[in-house]
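Enquirer: Predicted model follows, preceded by the sequence.
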Amino acid sequence: MEFTSVVFYFLSAILLLSGLRVVTVRHPVHAALFLVLAFFTAAGLWVLLEAEFLAITLVLVYVGAVMVLFLFVVMMLDINIETMRADFRKYLPLAGLISGLMALEMYVVLGGQEFGLKMPEPKAVDYSNTKALGRVLYTEYAYAFELAAVILLVAIVAAIALTLRRRPGLKWRDPATQVVVRKADRLRMVNLKPQKPGAPVEDEA
Amino acid sequence: MDQIQTLLGPAWLPVWTLVKIMVIVLPLLIGVAYLTYAERKIIGYMQIRIGPNRVGPKGWLQPIADALKLMFKEIVIPTGASKSVFILAPVLALAPALAAWAVIPFGDTLVLADLDASLLYVMAITSMGVYGVILAGWASNSKYAFLGAMRSAAQIVSYEIAMGFALVGVLMAAQSLNLGDIVRAQQGGFWHWYFLPLFPMFLVYLIAILAETNRSPFDVAEGESEIVAGFHVDYSGMAFAVFFLAEYANMILVSAMTSLMFLGGWLSPVPFLPDGLFWLLAKTSFILFLFLWFRATFPRYRYDQIMRLGWKVLIPVTLVWLLVEGAVMQTSLGRFFH
């Protein structure tokens, strides 16, 4: 067996196992951690396919940012596992249907050769797929790329608009005005004459 | 050398790579040990104290005494803790801090793995360091630790954006994601280094790395006076020491990254002096000194002001400078950025 095949089976085994643990493990935080492991090994598989840019981006975006925020939320939730288990039978048909669909999609994608799809040739060592990706993204697919960016922007604005609450009577401070405060805004220097004990204080300033 | 190679046969490459890894990691760990000594000494002198001076001549053996003490201490695991995650957390903190060194170039050909996208690799690997902090905070099952973890997660994710944009400025100027190529693009004296044309990016990066490594004045994740020690309040002995190692290894890493991307790495500041590793070490040490200087000088930021600085000041600054850089690069003045 070739060394790359050994690496492939090793990574795939970890990926499948951790994927399985995501749905079987009892605690949601542990499940999220197994999902992190799954992403990481998937990135390893992509490196094996010579798609190092996608692999690094997967780690950077999903492991480094998305899953951190995910964990952030999951850690603060108080989830009762028993009530979640109770609905298992109710959702089983729907889950089965979705799994079947995914298996079919995988067959269509992976079995491409059976339908007469040609596999791409491996590229030379000095080939930079980062540069190639950048070139097609900003020339051939520039409009599609910008459209995706606009959709994402709309999603961001919508998410903020949906969750922004303005509660009346809330006391809050604006750090922007606080940091521009200067000494003269808060402090008044006064000059006091030497006082005799017990005498009324005279303010000169 | 050749004889050993023929003797080992196919095992040569892994063995040789392991040797190279050791050559990087061992000096790094010694550097971490003496960075703690330098920190205590430098802050000591800044506050008109002497600092550690009892163990060995001038206190030079202090870090070794500290390491021994931590190794022989008991590791206490709290009763309510999630045991496996509790032990995993320090490992996850240290591993990225060491793994990122794989692509750091120390000279023109002195690099362990010459990746095409090494800048992205460093970004991706260092972004995983936050797991150590949030898992430690969660697994300890303690309110203080959890508060520290939440603060750290939000802070690191926010400042990573500003840091990423600063790096985009660098890779636009160098037109490469390879750290070696980025340094080579700055050849020809210190007026070719990127800290001059990318000065706002340089400042943003300097501030962002302080926040990314949870260092003062952004050390709210630890915040001794508010939440005791934050995420590692329940850690003791070697488990605590691993967090300590990770923090200092990260400091050295980001300082080396700053010197590579903005200060010309191993290149000498003037053409008549030879290039070499010592320039990289000197620049890294200078950035590390800044870390310690900031800690001795600035009071801790308030949490909402950290968020304001990250989102409302640093990110707009980098965005504006990216626009300026992109526009200028299209004109005849573009050579200032190359």
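Expert: Now that the structure is in, tell me what you want to look at.
Enquirer: List, one by one, the residues from the stretch 151-300 of chain B near chain A.
Expert: By the rule C-beta under 8 Å from any C-beta of the partner chain, the part of the stretch 151-300 of chain B lying against chain A is B:153-154, B:156-157, B:160, B:177. (Each C-beta comes from the backbone N, C-alpha and C, glycine too.)
Enquirer: now chain A, which segments are flagged as low pLDDT?
Expert: A:1, A:78-86, A:113-126, A:199-205 (pLDDT under 70).
Enquirer: now do 80
Expert: Counting by pLDDT under 80, the low-confidence segments of chain A come to A:1-3, A:26, A:50-51, A:76-90, A:109-131, A:166, A:172-176, A:194-205.
Enquirer: swap in the stretch 51-200 of chain B?
Expert: B:80-82, B:108-116, B:188-189.
Enquirer: let's go with 90 and repeat that
Expert: Within the stretch 51-200 of chain B, the ranges that satisfy pLDDT under 90 run B:51-93, B:95, B:97-164, B:166-200.
Enquirer: now the helices for it?
Expert: Ranges of helices in the stretch 51-200 of chain B, per DSSP state H, counting those that start in this stretch, are B:62-71, B:83-99, B:118-126, B:130-139, B:143-174, B:179-184, B:199-212.
Enquirer: For the first one, which helices and strands make contact with it?
Expert: Using 3 or more C-beta pairs under 8 Å, 6 or more residues apart in numbering or on different chains; DSSP states H and E as the contact definition, the elements that helix B:62-71 packs against are helix B:12-46, helix B:237-262.
Enquirer: ok, the longest one near chain A or not?
Expert: No - in this structure, helix B:12-46 remains apart from chain A according to C-beta under 8 Å from any C-beta; the gap is never smaller than 11.3 Å.
Enquirer: Now do the strand or helix carrying B:Phe286: everything it contacts.
Expert: For B:Phe286, the host element (DSSP states H and E) is helix B:277-297. For helix B:277-297, the external contacting residues (C-beta atoms under 8 Å, 6 or more residues apart in numbering or on different chains) are B:35, B:38-39, B:42-43, B:46-47, B:106-107, B:110, B:206, B:210, B:213, B:215-217, B:251-252, B:254-256, B:258-260, B:263-269.
Enquirer: Close to chain B: what parts of chain A are there?
Expert: Where chain A comes near chain B, counting by C-beta under 8 Å from any C-beta, the residues are A:27, A:29-30, A:33, A:36, A:52-53, A:56-57, A:59-60, A:63-65, A:68-69, A:71-72, A:75-76, A:128, A:130, A:173, A:175-176, A:178-179.
Enquirer: List buried residues within those residues.
Expert: Listed as buried from those are A:29-30, A:33, A:36, A:52-53, A:56-57, A:59-60, A:63-65, A:68, A:71-72, A:75, A:128, A:130, A:175; burial here means 16 or more other C-beta atoms under 10 Å in any protein chain shown.
Enquirer: sorry, back to before: of the residues of the stretch 151-300 of chain B next to chain A, which is the most crowded?
Expert: B:Ile156 (26 neighbours; other C-beta atoms under 10 Å in any protein chain shown).
Enquirer: list the contacts for that one?
Expert: B:Ile156 touches A:68, B:127, B:129-130, B:133, B:211-212, B:214, counting by C-beta under 8 Å, 6+ apart.
Enquirer: closest to A:Ala149 among those residues?
Expert: Distance to A:Ala149 across the contacts of B:Ile156 (C-beta to C-beta) is lowest for B:Ser127, with 21.7 Å.
Enquirer: Do I have it right that that closest one meets B:Ile161?
Expert: No - if you go by C-beta atoms under 8 Å, B:Ser127 and B:Ile161 don't touch, sitting 10.9 Å apart.
Enquirer: could you list every residue that touches the closest residue to chain A within chain B?
Expert: Relative to chain A, the nearest point of chain B is B:Ser127 (2.8 Å; C-beta to the nearest C-beta). Counting by C-beta under 8 Å, 6+ apart, B:Ser127 makes contact with A:59-60, A:63-65, B:156, B:160.
Enquirer: Which residue would be the closest one in chain A to chain B?
Expert: Nearest residue of chain A to chain B: A:Gly64, at 2.8 Å (C-beta to the nearest C-beta).
Enquirer: That residue touches B:Tyr121, doesn't it?
Expert: No - A:Gly64 is beyond contact range of B:Tyr121, at 11.8 Å (criterion: C-beta under 8 Å).
Enquirer: Quick check on the contacts of helix B:277-297: which are buried?
Expert: B:35, B:38-39, B:42-43, B:106, B:206, B:210, B:213, B:215-217, B:251-252, B:254-256, B:258-260, B:263-267.
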